[in-house]
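# Pasting the sequence and the predicted model now:
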There are 2 protein chains.
Amino acid sequence: MKITILGCYSATPRKDKHTSSQLLEINGSVFLIDCGEGTQMQLRKAKIKFNRLNDIFISHLHGDHFYGLIGLISTFRLTGRAKPLNIYGPKGIKEIITLQLKLANSWTNYTLNFHELTSNDSQTIYEKDNILVQTLPLDHRVYTNGFLFTSISSSRKINPTAIKELDLKPFHFDQLKKGFPIKLENGTKIKNNELTFDPEKPKKYAYCSDTSYNLNLIPLIKNIDLLYHESTFLEKDIDLAEKTKHSTATQAAKIAQKAKVKKLILGHYSSRYSDKNLFFKEASSIFKEVDLSEDFKTFLI
Amino acid sequence: MKITILGCYSATPRKDKHTSSQLLEINGSVFLIDCGEGTQMQLRKAKIKFNRLNDIFISHLHGDHFYGLIGLISTFRLTGRAKPLNIYGPKGIKEIITLQLKLANSWTNYTLNFHELTSNDSQTIYEKDNILVQTLPLDHRVYTNGFLFTSISSSRKINPTAIKELDLKPFHFDQLKKGFPIKLENGTKIKNNELTFDPEKPKKYAYCSDTSYNLNLIPLIKNIDLLYHESTFLEKDIDLAEKTKHSTATQAAKIAQKAKVKKLILGHYSSRYSDKNLFFKEASSIFKEVDLSEDFKTFLI
């Protein structure tokens, strides 16, 4: 899993600060998470080929998370996209996009599949190629979901020491990875678990923006590898965080700590703070494995 | 009149190429013409204070001319705007904007006045402080207007030679500028036109994007000071221009020539051409006073 931050600031885009958008690559699949104004330019700057994108996940209908979507959809049309595009987001997103396409008399020449979300419970909304996406209901001023991405490895790992003396053919390797026993040329049968280890543990990434301090998240993101949790404010402005249903860096760190995640990324910074390191300092005093998102920074799992 | 180009490319914004938007300053008034995605970042780069903007004119509802509008409106809200904002554009623009504000549960705390346009004839849509804005009906794939901005000087110009020997008080100057006769302290009456010249001729700027080759424009823009006319294509691609209802550089130059405008600016370039100078070469062979728009370039009348 590779996460590329395309934008990590809240509210309004500025000269060199972009609003929420992330690109997630899992094996060959590419997912876009949120799409603030100017995301298509950020994708170009990150040299991402538009055609690799098939699935876009929108957390909520505040502008800093989706005003770039209609532009991206239009650009896909103008650049000759033929294959379908899937859009997962709150109910209403289809109406907004189709109204704009209608008034511009510019229907896409590819299929737009809208998967509108309304549930307040966590749901599985994507399941393909050993990748699972589940919603993470968040608590914000409008209906909002985070997303949990799980990459499952079903392939058993071959034990190099155990096979060292054996003359295995390529088809033997395939059988072993799939969990089958093998039969050597001399007729010897060997059980699968004598030559393999269990598959790698699933890798898990959670994107949680925007939300107030929300303990309901804990069981849903327990022990995951990487958590992006918004930290719009510092703890000294907790009154603003509560009023606007956002989180502080302290609260993000507490969620990471309680959920025992392996690593936390902060983001969705308010532009009122000139120094991002204040978020790092505040969060790392509570939860050690913390890092700051920055436009174009990448994270690997 | 000062025109600042914020974006002059067609179709899709790219890394360093922005879609249509222009800022027009006339005395103290500031007008935004079209508002492609990312215009608010371009305004910040051009160091334009958002609060100076009261009137936005949208030519048509294709994305490269208005996808930045909802973001700008939201940013005005977040930056505490209190005074009303006037938006002039095709019917439908109000529905698009209000639907997005509704679904985001984020109504503006300032008044949005929509002036929706439907007429196929030229209309006066703004008249204030000696500035007049009239629509220029264009011929495109959807309902589209250009805009003609006229700055009228109603103030007569005082003839310095004629008043040289007279002991005039400040109120005499006011009376002369307004066209009244004056009475000196010794009782002598002097006619206004003995001491003044006629006011300066009105200054006129026309913005025409997007349109096919459209001779109906000629009488509306006759003899104006400056014409921005789209030139999406070169003449060798006239079939594409006709198909998409756009103009070539040659056609833009012919319009400028027939309308006897003082100067022509080209823009709305298709990204298929890597060298903008090809537009200049083509147009200048027909109409000499031509210039190329470029992001952040300014033009004075």
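Right, received. Where do you want to start? Residues are numbered from 1 along each chain as shown, chains lettered A, B, ... in the order given.
# hey, let's count contacts and neighbours off CA atoms from now on
OK.
# So which bits of the stretch 201-301 of chain A are right by chain B?
By Cα under 8 Å from any Cα of the partner chain, no part of the stretch 201-301 of chain A sits against chain B.
# Contact partners for the nearest residue to residue A:65 once chain neighbours are set aside?
Using Cα to Cα, 6 or more residues apart in numbering or on different chains and skipping the chain neighbours, the partner closest in space to residue A:65 is residue A:36 (4.5 Å). Residues near residue A:36 by Cα atoms under 8 Å, 6 or more residues apart in numbering or on different chains: A:7, A:18, A:19, A:20, A:21, A:63, A:64, A:65, A:66, A:67, A:68, A:69.
# Inside helices: which ones of the residues you listed?
By the criterion of DSSP state H, membership of these in helices covers A:63, A:64, A:65, A:66, A:69.
# Leaving aside the residues adjacent along the chain, what's closest to the last one?
Pointing back at residue A:69 there. residue A:35 is the one closest to residue A:69 (Cα to Cα, 6+ apart), at 5.6 Å.
# Low-confidence regions, chain A specifically.
Within chain A, no range satisfies pLDDT under 70.
# Outline the domain layout of it.
Chain A is divided into the following domains under automatic domain parsing: A:2-153+A:200-300, A:161-197.
# phi, psi of residue A:53?
Main-chain torsions, residue A:53, degrees, to the nearest 10: phi -90, psi 120.
# I'd assumed residue A:31 was in contact with it.
Yes: under the criterion of Cα atoms under 8 Å, residue A:53 makes contact with residue A:31 at 6.3 Å.
# The stretch 151-300 of chain A: strands as residue ranges?
Assigned by DSSP state E, counting those that start in this stretch, the strands in the stretch 151-300 of chain A fall at A:157-158, A:182-183, A:189-190, A:196-197, A:203-208, A:226-230, A:263-267, A:290-292, A:298-300.
# Paired strands for the last one, with orientation please.
For strand A:298-300, the paired strands and their directions (DSSP bridges) are strand A:2-7 (antiparallel).
# how about the CA coordinates for the strand it pairs with, as PDB?
The C-alpha coordinates for strand A:2-7 follow below in PDB (Å, rounded to 0.1, in the frame of the first residue of the first chain):
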ATOM      1  CA  LYS A   2       1.300   3.400  -1.000                       C
ATOM      2  CA  ILE A   3      -0.500   6.600   0.100                       C
ATOM      3  CA  THR A   4       0.300   9.900  -1.700                       C
ATOM      4  CA  ILE A   5      -1.000  13.000  -0.100                       C
ATOM      5  CA  LEU A   6      -2.400  15.400  -2.700                       C
ATOM      6  CA  GLY A   7      -3.800  17.900  -0.300                       C
END
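# Please identify the buried residues of that strand?
For strand A:2-7, a neighbour-count test (16 or more other Cα atoms under 10 Å in any protein chain shown) marks A:3, A:4, A:5, A:6, A:7 as buried.
# ranking the domains of chain A by burial, who's on top?
Greatest average neighbour count among those goes to domain A:2-153+A:200-300 (a mean of 20), per mean count of other Cα atoms under 10 Å in any protein chain shown.
# tell me the contacts of residue A:55?
A:30, A:31, A:32, A:85, A:86, A:87, A:88.
# tell me the contacts of the closest residue to residue A:15 other than its chain neighbours?
Distances taken as Cα to Cα, 6+ apart put residue B:41 closest to residue A:15, at 5.4 Å, once the chain neighbours are dropped. Taking Cα under 8 Å, 6+ apart, we find residue B:41 in contact with A:13, A:14, A:15.
# Out of those residues, which is nearest to residue A:245?
Lowest distance from residue A:245 to the contacts of residue B:41 (Cα to Cα) belongs to residue A:13, with 20.1 Å.
# ok, that closest one touching residue A:19?
Yes: with contacts counted by Cα under 8 Å, residue A:13 reaches residue A:19, the gap being 5.4 Å.
# Find the residues that touch each one of these two.
Taking Cα under 8 Å, 6+ apart as the contact rule, residue A:13 and residue A:19 both touch A:37, A:64.
# about what we covered before: mind giving me CSV with the contacts of residue A:55 and columns for secondary structure and distance to residue A:238?
Putting the contacts of residue A:55 into CSV (DSSP: H, G, I helix; E, B strand; the rest coil; distance: Cα to Cα, whole Å) gives the following:
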residue, secondary structure, distance to residue A:238
A:30, strand, 36
A:31, strand, 32
A:32, strand, 30
A:85, strand, 39
A:86, strand, 37
A:87, strand, 34
A:88, strand, 31
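# Mind jotting down where the strands sit in the stretch 1-150 of chain A?
Taking DSSP E, counting those that start in this stretch to define them, one finds strands in the stretch 1-150 of chain A at A:2-7, A:21-26, A:29-33, A:53-57, A:85-90, A:112-117, A:124-128, A:131-138, A:144-151.
# Relative to the whole chain's centre, how far out is the first one?
It refers to strand A:2-7. 9 Å (Cα atoms, centre = their mean, to the nearest Å).
# Identify all contacting residues around that strand.
By Cα under 8 Å, 6+ apart, strand A:2-7 touches A:17-26, A:36, A:39, A:42-43, A:293-301.
# The fifth one too?
Strand A:85-90 is touched from outside by A:53-61, A:110-118, A:143-144, with contacts defined as Cα under 8 Å, 6+ apart.
# Let's see that with 7 Å instead.
Around strand A:85-90, the neighbours that count as contacts under Cα atoms under 7 Å, 6 or more residues apart in numbering or on different chains are A:54-60, A:111-118, A:143.
# Would you mind checking which of the residues you listed is nearest to residue B:179?
Of all the contacts of strand A:85-90, residue B:179 sits closest to residue A:60, with 60.5 Å by Cα to Cα.
# For the closest one, which non-adjacent residue is closest in space?
Ranked by Cα to Cα, 6+ apart and with sequence neighbours excluded, the top spatial neighbour of residue A:60 is residue A:144, at 4.7 Å.
# got the contact list for that neighbour?
Applying Cα under 7 Å, 6+ apart, we find residue A:144 in contact with A:59, A:60, A:137, A:138.
# I'd say the first one and residue A:146 touch.
Yes: using Cα atoms under 7 Å, residue A:59 makes contact with residue A:146 at a distance of 5.8 Å.
# Figure out which of the strands of the stretch 151-300 of chain A is closest to residue A:127.
Closest among the strands of the stretch 151-300 of chain A, using Cα to Cα: strand A:203-208, at 14.0 Å.
# any idea of the angle that closest one forms with strand A:263-267?
Counting by axes from the mean of the first three to the mean of the last three Cα atoms, to 10 degrees, strand A:203-208 lies at 30 degrees to strand A:263-267.
# can you list contacts of strand A:203-208?
A:146-152, A:224-230.
# and that strand, which strands flank it?
strand A:144-151 (antiparallel), strand A:226-230 (parallel).
# Determine how far the shortest one lies from the middle of the whole chain.
Translated: strand A:226-230. Distance, stretch centre to chain centre, for strand A:226-230: 9 Å (Cα atoms, centre = their mean).
# again with the first one
Averaging C-alpha coordinates over strand A:144-151 and over its chain gives two centres that are 6 Å apart (Cα atoms, centre = their mean).
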